[in-house]
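**Student:** I would like to see how this sequence folds:
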Amino acid sequence: KKPTVGILRMEALDFLLQEDRGDKGKVEEAVQQVEQQAKQHGLTAAELTAAVNCITRGVHTTAISRRLLKALLPCEAVPSQAILLLLSSFQTGRVPLPVQVLALKWMLLVLDFVDDISVLHNVYGVFFFFMEYDGLRPFLCHILYQLTRKQDVQPFRVRRMLALQQRVGAEPWLIALLSVYRLYAPQLVSLVVPPSKKRWFPTPDLRWKAAISQAQVPRRAPEAVPVALLLPGRDVEAKRVRVLPPLTSGTHHRTPHTHLHGSEEEALLQRVDNMDSLLQHMDRLKPPAQIAAVLNNPWLCHFVSAAPDRTIVRRLTFWLAARLQDETGFTPESNARLGSLLDSLLHFSTFMNGTMPVVDAFLRSHLRVWSGRTHRAQILQLLPLMPPKPFEVLYIDFLKPLHALFVTLGPGPQSEILHCLTQMARRYVSFNWHRYYQQRDQPRHPSHALTATPPPADYMRATCELLRSTDTVCALALRMAPGNLLVEDAVLCFHELASRCCTDFKLPFLCLPSSAVVYPLLLSSTAASLSRMCGILASLKLEFANITSRDPPADDLNFKTGAESVNLLNTYTLDAVNMLWRNKLLSAQSRDSTLLCTPSSHSAAAGQDDGGRAFFTNKVTSVLNPRVFPDRKLVPGALSLTQSCFTTFAESFLRKKRSLLESEGGDSSLQASSSLTPDFIKGNHRHNYIDFLHENHLVGVHDFLHVMVVSLIRIAVKERKDVARRFELDAAP
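**Tutor:** Take a look at the predicted model:
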């Protein structure tokens, strides 16, 4: 009977184990047989162990041992005992240095196929012992780079590697291992990693690697997954620590330095996948070995926020400072990595409702060289999450670079910056300043929180100055992009927030919009923008009533509260009412207006020059509806509720009104009219028209007129009384 392939291989290996180097012909024949069969079918675990025994005996020549090592092509899981046999022979003197180097290369290639990686973790110190050997160090550092865990980082090892670095210089593989140590223990390693694109480690033998992969194919079932995915191991292709390693380490996706089966605390992190499991294991959880995993894991975010620790803060701060510095560049690869990191920082900062000081420092330095085009969404969302700062610091470090960038961008990016400033202002006005001022004189204890506590400063003034600064930017945006809907929406969003500071946030001051904001929006060609501006004016009237009736603040404010601007608000109100309701736009009889009136002594007394009036006169003529005013002739009612941007609504109202009257046999003048013109909306029809605008979501102009126009106020009071009277009659027995 012809012997099988496995029997032939074992017979050759048994012969090599028993035979000394005397009979060279038979030894050569046996080695050739092992090489041929290993290349065709691979070696099983038992055959690998036997071949390693042949190598470690030291009876064969260096050439024979190297050939046997090259023939170690596993077709299944590599027994950890085979690696231990090779490692234990390094100090016996029976294995020469070239064979030791080749053995370490083989260990690197089969590290993903070891059946029990924990055995190699147990001999971490043995690998580290041979670091003094210059020929072995590149491959030893690569193996230790793959095996290092948090518990492996010890002060004596750090001291030894630093001393070794002083002796041999900055070897890339030694720096790579030190960078891993710095990742786990930043307090022990103060190392500046050079931003080099060079590979840390020597390139592995690609032919040998391909032969090992090919040896597994005949023994693998068609539907089976690769052996490397079934064993605890590493990605063979991983060359460096990923920017943000995932917390979990499944069998199909492994990252460097993440073996969770060897630690019970780390295994607990694997089981936390919901709030119940988090609460169940809260007292036994420990931070992950790779602290960066908390940025993307919501359950670890809960754990870190519930139990902040100084070590966690320092580790995460050091990691982020190094990573943000390393990934800041101008290449597509660095931009992609930085974008991924900023996404994770945004997720973490949003969860924590604040940014870390290291993130603030990055934004401060990055804004000075930022073009406004890369990572705009992430940066503009991170800026409002910063903790409040004194206005001098905020303006110099953050607002001034943004303002300089603002004038170089188009309307779209400008609107995004305005929304960013609005969210920043929302954070300032919604902060619990009353509680802060009550606790600012109390002794402070060292904080271990991830977000910084605002330092002592005059934050009321900072909030007010931020609102006024943003109003200036809004005026600039409206001047640079007149009529742009994105810009108008961003400006209105900010002033809708600023117009409710006293009522909604209990602040002792208010911010009135400048005339360069109010009048372009009142003269907007979009009815929605005009309506929202009217709603802001209506809110400001209520704000003035609240701030004048409120008791003065306990702390004297060293800036104006805005109450002295009541005359300016009255000017805005009169001009808006004259334009929308009284039809007295640019009328000589209108002696109340200061900006939309014709040149007169009143306008001169108000400090308005002809240039300002000419600008707004041109603006008025530019927004006239050409279908209604084909010659652009300016008339007193040119911008009333029935003209200009309201023409479409007026026509819709008249069609609805005409159909209703025709069905009921009402007003004959409307029934007989063949052409629908807005001039019919007079008297009681105008009151119904305002309600029609409210039904069409123009709430601002409806609320403004019902607050400012006396006749409408009386109608609203009468309607409320009628409703109350009907309710009483219905409730009576």
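
**Student:** what sits against residue 541?
**Tutor:** 569, 573, 707-708 (CB atoms under 8 Å, 6 or more residues apart in numbering). Where C-beta positions appear, they are placed from N, C-alpha and C, glycine not excepted.

**Student:** mark which of those are part of helices, please.
**Tutor:** Among the contacts of residue 541, the members falling in helices (DSSP state H) are 569, 573, 707-708.

**Student:** among the residues you listed, which pair sits farthest apart?
**Tutor:** 569 and 707 (12.1 Å; CB to CB).

**Student:** my read: residue 344 touches residue 295, true?
**Tutor:** Yes - assessed by CB atoms under 8 Å, residue 344 is found in contact with residue 295 at 4.1 Å.

**Student:** excluding its backbone neighbours, what's nearest residue 298?
**Tutor:** With sequence-adjacent residues excluded and distances taken as CB to CB, 6 or more residues apart in numbering, residue 298 is closest to residue 351, at 7.1 Å.

**Student:** need phi/psi at that neighbour.
**Tutor:** phi -70, psi -40 (degrees, to the nearest 10).

**Student:** likewise residue 484?
**Tutor:** The phi/psi pair for residue 484 (degrees, to the nearest 10) is phi -80, psi 130.

**Student:** what sits against it?
**Tutor:** By CB under 8 Å, 6+ apart, the neighbours of residue 484 are 411, 415.

**Student:** hmm, try it at 10 Å
**Tutor:** With contact taken as CB atoms under 10 Å, 6 or more residues apart in numbering, residue 484 is in contact with 410-412, 414-415, 477-478, 490-491.

**Student:** how about the helices in the stretch 501-650 of the chain?
**Tutor:** 501-505, 515-522, 527-549, 566-577, 601-605, 610-622, 647-664 (DSSP state H, counting those that start in this stretch).

**Student:** redo those helices as TSV? Include mean pLDDT.
**Tutor:** Formatted as TSV, the helices of the stretch 501-650 of the chain follow (pLDDT from 0 to 100):
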stretch	mean pLDDT
helix 501-505	84
helix 515-522	89
helix 527-549	87
helix 566-577	85
helix 601-605	40
helix 610-622	57
helix 647-664	79
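
**Student:** rebuild those helices as a markdown table, extending it with distance to residue 390.
**Tutor:** Putting these into a markdown table (distance: least, CB to CB, whole Å) gives the following:
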| stretch | distance to residue 390 |
| --- | --- |
| helix 501-505 | 19 |
| helix 515-522 | 26 |
| helix 527-549 | 24 |
| helix 566-577 | 28 |
| helix 601-605 | 40 |
| helix 610-622 | 35 |
| helix 647-664 | 47 |
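
**Student:** to residue 406, which of the ones you listed lies closest?
**Tutor:** That would be helix 515-522 among the helices of the stretch 501-650 of the chain, by CB to CB, at 15.4 Å.

**Student:** quick check: buried residues in stretch 128-141?
**Tutor:** 128, 130-131, 136-141 (16 or more other CB atoms under 10 Å).

**Student:** then stretch 89-96?
**Tutor:** In stretch 89-96, counting by 16+ other CB under 10 Å, buried: 89-90, 95.

**Student:** likewise stretch 343-354?
**Tutor:** 343-346, 348-349, 352, 354.

**Student:** using CSV, list the CA coordinates for the helix or strand containing residue 392.
**Tutor:** In this structure, residue 392 sits in helix 391-394 according to DSSP states H and E. Provided in CSV are the C-alpha atoms of helix 391-394 (Å, rounded to 0.1, in the frame of the first residue of the first chain):
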residue,chain,number,x,y,z
PHE,A,391,-15.3,88.4,25.5
GLU,A,392,-11.7,89.6,25.1
VAL,A,393,-10.5,86.0,24.8
LEU,A,394,-13.5,84.9,22.7
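
**Student:** same for that helix, what does it pack against?
**Tutor:** helix 411-430, helix 459-480 (3 or more CB pairs under 10 Å, 6 or more residues apart in numbering; DSSP states H and E).
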